[in-house]
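Enquirer: quick one, what's the 3D model for this:
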Amino acid sequence: MDIGDVYAKIEEQLDQNLPFVVYRKADSMTLHAVFQENNQMYEVEDYAVSGFVFAPFDSAHKAVIIPSEKSDYCTATILSQTISNEKRTLGKIDNVLLVEPEAQKKHIELVKKGIEAIQSDRFKKVVLSRKEEVSIPDSFNSLHIFKNLIHFYPKAFVYLWYHPKIGTWMGATPETLIRVKSNNFFTMALAGTQPYINTIDVDWGTKELVEQKMVTSFVTSKLSSIINDIQHSKTYTHKAGTLLHLRTDISGVLDNENSRIEKIIEVLHPTPAVCGLPKDEAKSFILTTEGYNRKYYTGFLGELNMNKDGVVKSNLFVNLRCMELSNGKAILYVGGGITKDSDPEKEWEETVKKTETMKRVLL
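Expert: Below is the predicted model:
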């Protein structure tokens, strides 16, 4: 399908209040689109179904799916000639956006509570987040912002999701939850953040290295009972937009009896990179202390059991670097991992850097 036709179809779905998702994978120039033919909301009862899944942070609430059997799927090649002009325009906003002092104070207090809970041995790590609202210029619609995301984040999974019963979400996430092709399995452990300044050859502090090791150990030990031949790479620095993270790649082979996708999701979601360790204690603290509803932020999304060229694949991503569009505003969601060595002021600054990466595409 021609890229112009896909964009026209998106506008048509929006006009008719019909659900759809469009997305582009990392290091790819292919745009994928799934257009639902009715406006019903389908919840995931069984992870053997096929379609594009969108799941919240809190697994007490069901995931939603745009089912393959109720949708049209198509692909198009992305044209890149507009990138240079948009980069020039979007580079000018660095000093325009100021954050409310009240938000800063609130987040620092939240981080202090997290550190106190760690010091009293409730858990070893917790990921604490906040949301921030930004007004969107009238001339910007969701498709316009999505095109900016595509150009700014070539190394991320970039998506635009719309459902009349849920709303509009989009993002550029660097983190894979799981990838399954035939019986080969892949995931990653991601932790630590610092700004990218012309090189990925950087030093990492003890806090980030310890956090990354905790995440990798959790993932490999929890999966070892349901995945065969688990292996992991050395930890390395990974660039995602204007930020750097520590990353470890983890792979294995699915044992068909034991390792249905549902079981793997149960083990991994929410990951230590977005929740904490031990998972249940950290999640409970988040739900009672964070003070707002994360909704689909730090949930997961992606292709579930979708048949591509005769091969059934699942590609699921953690919903990071994301925003919800509502009534002329973009609601940005950001957070960071807290350990006993965290500095509340620095944790605040990390969330500000993360919102800046998203604000670039908005103004």
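Enquirer: help me confirm that residue 45 is found in a helix?
Expert: No: secondary structure of residue 45 (DSSP: H, G, I helix; E, B strand; the rest coil): coil, not part of a helix.
Enquirer: what's around the nearest residue to it once chain neighbours are set aside, how many residues?
Expert: Using CB to CB, 6 or more residues apart in numbering and skipping the chain neighbours, the partner closest in space to residue 45 is residue 62 (7.8 Å). All C-beta spots, glycine's among them, are computed from the backbone N, C-alpha and C. A count of nearby residues for residue 62, using other CB atoms under 10 Å, gives 13.
Enquirer: just checking, residue 62 touches residue 43?
Expert: Yes: in this structure, residue 62 is within contact of residue 43 by CB atoms under 8 Å, at 4.2 Å.
Enquirer: distance from the chain centre to stretch 240-260, please.
Expert: 14 Å (CA atoms, centre = their mean, to the nearest Å).
Enquirer: how long is that stretch end to end?
Expert: The first residue of stretch 240-260 is 30 Å away from its last residue (CA to CA, to the nearest Å).
Enquirer: list the residues that contact the residue nearest the centre of the chain.
Expert: Centroid-nearest residue in the chain, with CA atoms, centre = their mean: residue 319, separated by 2.2 Å. Listed by CB atoms under 8 Å, 6 or more residues apart in numbering, the contact partners of residue 319 are 169, 171, 173, 296, 297, 298, 299, 300, 301.
Enquirer: before we move on, what about residue 305?
Expert: Contacts here follow CB under 8 Å, 6+ apart; on that basis residue 305 touches 47, 48, 49, 50, 51, 261, 312, 313, 314.
Enquirer: next: residue 135.
Expert: 328, 329.
Enquirer: go with 10 Å
Expert: By CB atoms under 10 Å, 6 or more residues apart in numbering, the contact list for residue 135 reads 327, 328, 329, 330, 362, 363.
Enquirer: same deal with residue 303?
Expert: Contact partners of residue 303, counting by CB under 10 Å, 6+ apart, are 21, 23, 25, 32, 34, 50-53, 68, 73, 179-180, 312-317.
Enquirer: are any of the contacts of residue 135 buried, and if so which?
Expert: Neighbour counting by 16 or more other CB atoms under 10 Å classes 330, 362, 363 among those as buried.
Enquirer: whichever strand or helix holds the first one - what's its average pLDDT?
Expert: When elements are defined using DSSP states H and E, residue 330 is found to belong to strand 329-338. Averaging the model's pLDDT scores along strand 329-338 yields 95.
Enquirer: before we move on, what about stretch 27-37?
Expert: Averaged across stretch 27-37, pLDDT comes to 96.
Enquirer: then stretch 142-157?
Expert: Averaging pLDDT along stretch 142-157 gives 92.
Enquirer: go through it and flag the buried ones.
Expert: Under the neighbour-count criterion of 16+ other CB under 10 Å, stretch 142-157 has 142, 145-154, 156-157 buried.
Enquirer: greatest separation within those: which pair is it?
Expert: By the measure CB to CB, 142 and 154 form the most distant pair in the buried residues of stretch 142-157, at 20.1 Å.
Enquirer: just for the stretch 251-363 of the chain, where's the confidence low?
Expert: Counting by pLDDT under 70, the stretch 251-363 of the chain has low-confidence residues at 257-259.
Enquirer: what ranges does it have for its helices?
Expert: 261-268, 279-289, 344-359 (DSSP state H, counting those that start in this stretch).
Enquirer: starting at the chain centroid, how far to stretch 29-46?
Expert: Remark: stretch 29-46 is offset 18 Å from the chain centroid, using CA atoms, centre = their mean.
Enquirer: now the terminal residues of it, how far apart.
Expert: 32 Å.
Enquirer: show me which positions of it end up buried.
Expert: Those would be 31, 32, 33, 34, 35, 36, 42, 44, for stretch 29-46 by 16+ other CB under 10 Å.
Enquirer: I'd assumed residue 33 was in contact with residue 8.
Expert: No: using CB atoms under 10 Å, residue 8 is not in contact with residue 33, being 11.2 Å away.
Enquirer: wait, doesn't residue 67 sit right on residue 35?
Expert: No: in this structure, residue 67 is not within contact of residue 35 by CB under 10 Å, at 11.9 Å.
Enquirer: and the strands in the stretch 1-150 of the chain, which stretches?
Expert: Counting by DSSP state E, counting those that start in this stretch, the stretch 1-150 of the chain has strands at residues 20-24, 30-36, 42-43, 51-55, 64-67, 71-77, 125-135.
Enquirer: how about those strands in CSV, adding distance to residue 265?
Expert: Output for the strands of the stretch 1-150 of the chain, formatted as CSV (distance: least, CB to CB, whole Å):
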stretch, distance to residue 265
strand 20-24, 19
strand 30-36, 20
strand 42-43, 15
strand 51-55, 8
strand 64-67, 13
strand 71-77, 22
strand 125-135, 18
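Enquirer: quick one: closest of those strands to residue 193.
Expert: strand 125-135 (11.5 Å).
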